[in-house]
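> output the structure for:
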Amino acid sequence: EPEGGGTSWVTTTFHAGACAMCLEQPADKKLQRCTGCKHVYLCGQDCLKKYWPRHKLLCKALSKAAQEDASLAADAQLQSHGAYADFVEKKHQLVSKHLKHHQLDVYESDVLWNQKVCEVCWRVNASESLLQCQ
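Okay, the predicted model is just below:
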């Protein structure tokens with residue numbers, strides 16, 4: 001644990017498609033998507049328990065943003081890279097509003113900007129493997 005009683009985190013950068021806590025990409029089991037925000041994936045309950053204190057504020061803000069504007073749903077179907085950039089910018093604005101006085105750190109911005117997205121069909125956070133896209 002760092003000096004001053006803070007919490008040390010395994011990850012400082014978000015990697016779509018890997019466990020948000022330990023960065024593992026297990027071949028033998030499927031990552032579990034956060035049921036709140038549907039933006040991050042975790043490999044199991046141990047990582048979820050360690051990760052939750054860091055993720056709690058952002059998770060709730062992402063969920064509120066999606067409830068406020070259905071076009072920002074985690075499984076949105078977009079049309080192009082430009083539409084994806086607009087989608088993320090709009091989501092960033094709403095999330096910032098819901099976070100009130102909490103400034104997004106680099107990691108939280110990465111969660112918003114580096115979502116799992118298919119560049120063929122432009123589905124965001126596609127549940128199945130992007131390699132199987134039609």
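> how far is the helix or strand where residue 61 lies from where the chain is centred?
Assigned by DSSP states H and E, residue 61 belongs to helix 45-68. On the basis of CA atoms, centre = their mean, to the nearest Å, helix 45-68 sits 9 Å off its chain's mean C-alpha point.
> give the buried residues for the very next helix or strand once past it.
Next helix or strand after helix 45-68 toward the C-terminus (DSSP H and E): helix 81-99. With burial defined by 16 or more other CB atoms under 10 Å, the residues of helix 81-99 counted as buried are 84, 87-88, 91-92, 94-96, 98-99. From N, CA and C alone the C-beta is placed, and that goes for glycine too.
> any idea which residue is closest to the centre of this structure?
Centroid-nearest residue in the chain, with CA atoms, centre = their mean: residue 39, separated by 3.0 Å.
> residue 111 is in contact with that residue, correct?
Yes: contact criterion CB atoms under 8 Å: residue 39 and residue 111 qualify, at 5.6 Å.
> what's the lowest-pLDDT member of the buried residues of helix 81-99?
Lowest pLDDT among the buried residues of helix 81-99: residue 84, with 78.
> name the nearest residue to that one, ignoring sequence neighbours.
Distances taken as CB to CB, 6 or more residues apart in numbering place residue 78 nearest to residue 84, at 5.2 Å, with adjacent residues excluded.
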